[in-house]
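K.L.:
Structural data only, the sequence is not supplied:
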Ligand code: NAI
């Protein structure tokens, strides 16, 4: 399973799941662009980890929620390399709280980053992938997109929107050998879940048949497979990486 000669972009690749995915794609041979929004040091660290493994990593700063900046930055990557083969829409934020207590600005931010951000990136890559007659788009959704979760109405809605985007784009692009899939992680050990209280973690663990939280590497392996030639007949699917939490 090699990705030599391919160019990949991972949004929000400076830490957590995005970092693990970027490292895995680069290890597998793809020139991998690590998009970040604010933390340049963290993005540089991902690049250094890739270099230590003998891979090629580059950084690209833009806010995925900003349509113009996203088109311009992804345009630069395509001009630099003459191609872009793999897009992983990983950038995401979580703002939790019961809907009655949330502010309009919270869901604007959630939908703007998690859903519109992915649309912005898909829009920027689809033309070149159509021309190449090869591409892979992998959207990082969430278990809550399918299962729902009290306190995460807007987050779950943004992730459920990603599933609709995945399936529709899979239909639009299939004839050009472009596969579009979603990966739906359960609870993964990253900064996003670090804030959960011990009690909340215990409650979650009780519901996971595998009795552990996932690791970013658990997700990265699946993404690397979906990015490969071996996954060329898989499109429009939701691949759940959740230790059995939701079946
Ligand atoms: P994280 O908070 O550690 O990483 C998110 C990354 O996205 C960060 O690098 C952040 O800078 C970046 N980002 C946020 N807004 C951005 C923007 N506007 N433009 C560019 N980059 C931006 O979170 P984690 O856990 O690594 O999550 C990665 C993805 O996986 C997210 O989409 C998240 O919703 C999803 N996910 C995570 C789960 C978990 O348990 N950790 C479970 C299910 C889904």
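P.N.:
Sure thing, it's come through. For clarity, every value in this text was computed on a predicted model and none was experimentally measured.
K.L.:
Return the residues of this protein in contact with the ligand.
P.N.:
Applying CB under 6 Å from any ligand atom, one finds that the chain approaches the ligand through 11-12, 14-18, 35-37, 63-65, 90-93, 113, 117, 140, 142, 185, 187-188, 190-193. Backbone N, C-alpha and C define where each C-beta goes, glycine included.
K.L.:
so where's the longest strand in the protein?
P.N.:
Assignment by DSSP state E gives strand 178-185 as the longest strand of the chain.
K.L.:
Which parts of this protein are helices?
P.N.:
Under the criterion DSSP state H, the chain carries helices at the ranges 16-27, 40-52, 67-81, 104-110, 117-132, 143-147, 153-173, 191-194, 198-206, 216-227.
K.L.:
Name the stretch among the ones you listed that sits most buried.
P.N.:
Greatest average neighbour count among these goes to helix 16-27 (a mean of 27), per mean count of other CB atoms under 10 Å.
K.L.:
Mean confidence (pLDDT) on that one, please.
P.N.:
The average pLDDT within helix 16-27 is 98.
K.L.:
same for that helix, what does it pack against?
P.N.:
Judged by 3 or more CB pairs under 8 Å, 6 or more residues apart in numbering; DSSP states H and E, helix 16-27 is in contact with strand 7-10, strand 31-36, helix 40-52, strand 86-89, helix 216-227.
K.L.:
ok so, going back, got the angle for the longest strand of the chain vs helix 16-27?
P.N.:
140 degrees (axes from the mean of the first three to the mean of the last three CA atoms, to 10 degrees).
K.L.:
between strand 178-185 and helix 153-173, how big is the angle?
P.N.:
Relative orientation of strand 178-185 versus helix 153-173 (the same axes, to 10 degrees): 160 degrees.
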